[in-house]
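**Student:** this is a predicted model, with the sequence first.
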Amino acid sequence: MRAAVGRRSAAAGDLTPIYAGIAAYYSAQVRRFGTTPPGVDWTCQATQEMRFVQLLKLCDLASPFSLNDLGCGYGALIAYLERRHGDCAVDYLGIDVSAAMLRRARRLWRDRRDTAFALGHASPRIADYAVASGIFNVAQDEPRPDWERFIAASLDDLHRTTRRGFAVNFMKQPAGTPARRGLYTTDTASWARYCTTRFDAIAEVHDGYGMMEFTLIVRKM
């Protein structure tokens, strides 16, 4: 997940406080838990990798491709790719707003070919595909309109920096119960509709994989 700990409403169009909150939160997480799933706010490796399974439905794993991983953390997706899809050549770029997180990632993967990391909130390159796992879930004290501006800006960047498409995930709006304070939840249709309309793309919703969330895959036409 990615989190924001802002205590004030972001000025219209200014997402700097949100990015700063995300960086502070995840820098603290990785210092506390290290390069483990809790270090990026996941409960365990099994659920972390279940999300990778869903996100990678975007990609043609039979051919080499380039991949941007927005909110990459310490690069857990690389380990999954090498273990489960080691015969597929992936030119990987991880992007994260936490400098502390990227220091860990660079140490872990310094010997892997075709692997780089960039500090920031958007990719500096265009790749075939992009994924973002959990970056929209933990809004903390951010007002919902500000958080949704952050989501929209992130989706716009993912579209702009990919040739074939991108995949992200969201927590579902719980039926009949209030959402937990600080977590962003949504229905399965709203952001799919946003992507279809704004990008003139094909948006696929994947759910039913045992967690209260869904994966949105957006393919360019």
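**Tutor:** Arrived safely. Note that the structure is a prediction, hence the values are computed from the model and not measured.
**Student:** now do the residue of the chain most remote from its centre against residue 132, distance only.
**Tutor:** Using Cα atoms, centre = their mean, the residue of the chain lying farthest from its centre is residue 176. It sits 27.3 Å away. Distance, residue 176 to residue 132, by Cβ to Cβ, to the nearest Å: 29 Å. For every residue, glycine as well, the C-beta is placed using N, CA and C.
**Student:** next one: phi and psi at the residue most central in space within the chain?
**Tutor:** The C-alpha lying nearest the average C-alpha coordinate of the chain belongs to residue 132 (Cα atoms, centre = their mean; 2.1 Å). With angles defined as degrees, to the nearest 10, residue 132 sits at phi -150, psi 120.
**Student:** and the nearest residue to it once chain neighbours are set aside, bridged to which residues?
**Tutor:** For residue 132, ignoring the flanking residues on the chain, the nearest one in space by Cβ to Cβ, 6 or more residues apart in numbering is residue 70 at 4.1 Å. Beta-bridge partners recorded for residue 70 (DSSP bridges): residue 95.
**Student:** what's the burial count for residue 70?
**Tutor:** Neighbour count for residue 70, taken as other Cβ atoms under 10 Å: 26.
**Student:** ok, back up a step: so which strand or helix has the residue farthest from the centre of the chain?
**Tutor:** Counting by DSSP states H and E, no helix or strand carries residue 176.
**Student:** and stretch 147-162, what's buried?
**Tutor:** Buried positions in stretch 147-162, judged by neighbour count with 16 or more other Cβ atoms under 10 Å: 147-151, 153-155, 157-159, 161-162.
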